[in-house]
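> just to be clear, the model below is a prediction. Sequence and coordinates:
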Amino acid sequence: MRSIYKINRREMLSAGAAMAAVTIVPRHVLGGPNFKPPSEKLNIAGVGMGGMGSVDIQNCASENIVALCDVDQRALAQNAQRFPNAKQYSDFRKMLETQKEIDAVICATPDHNHAVVSMMAMKMGKHVFCQKPLTHSVYEARRMGEMAAAAGVATQMGNQGQASEEARLICEYIQSGAIGAVYEVHAGSSRRPPISPRGIPRPTQTPPTPPELNWDLWLGPAPQRPYHPTYHPFSWRGWWDFGTGVLGDIGCHQLSAVFKALKPGHPTSVEACSSNYQVGPEIADQTAPKSSITRWQFPAAGDRAAFTITWWDGGLRPPRPEELEPGRPFGEGDWLLILGEKGKMLGHELIPENKRRQIGAPPRVLERSPGHYREWIQACKGGKPAGSNFVDHAAHLAEVVLLGNIAIRTNQKLLWDGDNLRFTNSEEANLLINPPYREGWSL
């Protein structure tokens with residue numbers, strides 16, 4: 001089964017603690033050099049230029065790319081060839097403090113630096129595009145949504161599939177009543193450890209830091225530890241201090257359309273089991289598990305019934321639906337299964353196939369997207385909010401997804417008081433909502 005969240009090929013290849021008291025000036029009030037009418041180009045800066053950062057900045061190359069920032073000079077050099085007029089930095093703070101003409105910032109650092117970069121930019125009235133899962137902690141996700149609303153800036157999380165046709169079909173089928181009231185959602189990923197190493201202990205070797213890398217800046221707010229190539233480049237996702245495991249990596253992709261269709265609000269509980277239960281703290285406290293099952297319970301609200309979301313990864317999956325034709329793939333790659341009282345969906349398609357043909361396409365009621373990056377650019381220039389903006393969608397989605405990691409780490413059923421941002425039955429879990437930053441770093 002193809003992933004329901006295919007990144008549009010044309011987009012991918014085009015263009016080659018409480019918050020500190022601050023004064024927030026909404027962007028629409030600022031005017032002056034930070035305001036750009038639709039006819040003018042934005043001045044965009046990129047922070048984190050390896051991997052998706054390079055893809056993100058290329059997809060915004062229709063605008064003025066005025067600054068590139070990365071703690072690794074190798075990533076800077078690769079992108080400087082494409083944008084030779086952009087100024088280069090290793091410290092995003094210096095970039096934002098000195099280059100005043102910047103209108104918007106793209107953040108594609110490892111997860112543990114997302115919030116410190118994005119919050120500083122928003123406080124300064126900059127628009128922000130930030131990669132998924134938006135933040136590293138539940139607390140950061142809540143504060144990012146609040147800051148985006150207070151600052152009045154245009155925002156977008158990097159879950160590109162939310163702009164796809166498939167995502168809209170999922171919403172339209174659910175909202176049309178084609179499968180009746182949704183009572184279960186299952187989603188997952190069979191992503192293997194070589195892509196995101198996990199279930200391993202912290203290395204004891206201390207090889208020299210590459211001369212091109214500023215390791216202290218790479219760590220940012222994370223706890224101090226020696227450099228090792230198992231963290232950088234790319235392989236940081238499975239380490240709790242830096243990444244959010246497979247759930248954080250893929251959950252914001254696979255669950256986005258469900259959140260838009262069902263508008264779930266806060267879950268009442270979250271629980272998980274994982275392969276980390278069988279290992280000691282020298283592994284479980286360091287890395288995400290090789291496999292896990294996570295379940296959130298959501299109460300009924302208005303006309304929507306109560307329902308559960310269950311996440312499966314590491315090759316685990318629910319029972320194969322009886323309606324699925326023999327030989328049809330199930331639970332492979334990144335996948336989504338939706339169960340309703342009148343029918344089921346695999347990804348964006350009704351099952352079985354004869355029911356899909358019988359019912360046909362749902363009524364086309366949702367506006368189609370001009371493209372994930374174009375949504376954000378248009379929002380920066382005064383257009384409507386982007387589809388995965390922090391205020392209406394991304395911050396809450398990320399918050400709920402990241403609650404699952406706390407359940408994985410504590411191996412408990414946790415009762416969630418979303419209004420007060422705390423668990424009512426576990427102080428151990430509450431300590432993981434807002435892990436402390438290293439000295440010298442804050443939101």
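That came in fine, so what should we check first? Numbering: from 1, shown residues only.
> contacts and neighbour counts: CA atoms only from here.
Fine.
> and the residue of the chain positioned farthest from its centre, which helix or strand is it part of?
Distance from the C-alpha centroid of the chain peaks at residue 358, with 35.9 Å (CA atoms, centre = their mean). Applying DSSP states H and E as the criterion places residue 358 in helix 353-359.
> what's next to that helix, contact-wise?
178, 325, 349-350 (CA atoms under 8 Å, 6 or more residues apart in numbering).
> and the residues you listed, which are buried?
In those, burial by neighbour count holds for 178, 349-350, counting by 16 or more other CA atoms under 10 Å.
> in JSON lines, list those along with distance to residue 293, secondary structure and pLDDT.
Below are the buried ones among the contacts of helix 353-359 laid out as JSON lines (distance: CA to CA, whole Å; DSSP: H, G, I helix; E, B strand; the rest coil; pLDDT from 0 to 100):
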{"residue": "178", "distance to residue 293": "28", "secondary structure": "coil", "pLDDT": "97"}
{"residue": "349", "distance to residue 293": "24", "secondary structure": "strand", "pLDDT": "97"}
{"residue": "350", "distance to residue 293": "25", "secondary structure": "strand", "pLDDT": "98"}
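> pick the one among the residues you listed closest to residue 406.
residue 349 (32.1 Å; CA to CA).
> from residue 176, how far off is the closest residue in space to that closest one that isn't next to it in sequence?
In space, and not counting its chain neighbours, residue 349 is closest to residue 356: 6.9 Å by CA to CA, 6 or more residues apart in numbering. Look at residue 356 and residue 176: by CA to CA, to the nearest Å, they are 14 Å apart.
> next: residue 241.
42 Å.
> show me which of those two is the more surrounded one.
For the pair residue 241 and residue 176, the greater number of neighbours falls to residue 241 (20 against 13), based on other CA atoms under 10 Å.
> what sits against that one?
By CA under 8 Å, 6+ apart, the neighbours of residue 241 are 112, 222-223, 286.
> now which of those residues would you call buried?
The neighbour-count test (16+ other CA under 10 Å) marks 112, 222, 286 as buried among the contacts of residue 241.
> narrow these to those in strands?
The strands, defined by DSSP state E, take in nothing from these.
> redo those residues as a markdown table? Include distance to residue 262.
Below are the buried ones among the contacts of residue 241 laid out as a markdown table (distance: CA to CA, whole Å):
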| residue | distance to residue 262 |
| --- | --- |
| 112 | 29 |
| 222 | 35 |
| 286 | 34 |
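> which of these lies closest to residue 81?
residue 112 (27.6 Å).
> isn't that closest one up against residue 217?
No. Contact criterion CA atoms under 8 Å: residue 112 and residue 217 do not qualify, at 11.6 Å.
> returning to that earlier point: mind checking the pLDDT average for the helix holding residue 358?
Averaged over helix 353-359, pLDDT sits at 95.
> using PDB, write out every CA atom in that helix.
The C-alpha trace of helix 353-359 is given here as PDB (Å, rounded to 0.1, in the frame of the first residue of the first chain):
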ATOM      1  CA  GLU A 353     -12.900  -2.600  -3.600                       C
ATOM      2  CA  ASN A 354     -16.500  -3.400  -4.700                       C
ATOM      3  CA  LYS A 355     -17.800  -1.100  -1.900                       C
ATOM      4  CA  ARG A 356     -15.500   1.600  -3.100                       C
ATOM      5  CA  ARG A 357     -16.800   1.300  -6.600                       C
ATOM      6  CA  GLN A 358     -20.400   1.100  -5.400                       C
ATOM      7  CA  ILE A 359     -20.200   4.300  -3.300                       C
END
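> where along the stretch 251-400 of the chain do the helices fall?
Here the stretch 251-400 of the chain has its helices, by DSSP state H, counting those that start in this stretch, at 256-262, 281-284, 353-359, 372-380, 395-410.
> which one of the ones you listed lies closest to residue 57?
That would be, of those and by CA to CA, helix 372-380, which comes in at 9.6 Å.
> so which elements touch that closest one?
strand 155-157 (3 or more CA pairs under 8 Å, 6 or more residues apart in numbering; DSSP states H and E).
> tell me the helix or strand right after the strand it packs on.
helix 165-176.
> show me which residues of that next one are buried.
Along helix 165-176, these residues count as buried under the neighbour rule (16+ other CA under 10 Å): 165-175.
> quick one: closest of the helices of the stretch 251-400 of the chain to residue 210.
Closest to residue 210 of those, according to CA to CA: helix 281-284, at 26.1 Å.
> run the chain-centre distance for the closest one.
Helix 281-284 sits 25 Å away from the centroid of its parent chain (CA atoms, centre = their mean, to the nearest Å).
> ditto for stretch 51-67
Counting by CA atoms, centre = their mean, stretch 51-67 comes out at 18 Å from the chain centroid.
> got the contact list for that stretch?
By CA under 8 Å, 6+ apart, the surrounding residues in contact with stretch 51-67 are 11-16, 41-47, 79, 83, 85-89, 95, 102, 106-109, 234, 373-374, 377.
> that one: which residues count as buried?
Buried residues in stretch 51-67 (16+ other CA under 10 Å): 52-60, 64-67.
> now do stretch 36-45
36, 42-45.
> what average pLDDT does that stretch get?
Rounded mean pLDDT across stretch 36-45 is 90.
> low-confidence stretches in the stretch 151-300 of the chain?
When residues are selected by pLDDT under 70, those of the stretch 151-300 of the chain lie in 192-195.
> still on that earlier bit, in a markdown table, list the contacts of residue 241 along with distance to residue 136.
Converted to a markdown table, the contacts of residue 241 look like this (distance: CA to CA, whole Å):
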| residue | distance to residue 136 |
| --- | --- |
| 112 | 5 |
| 222 | 10 |
| 223 | 13 |
| 286 | 15 |
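> having no further points to raise, I will conclude here.
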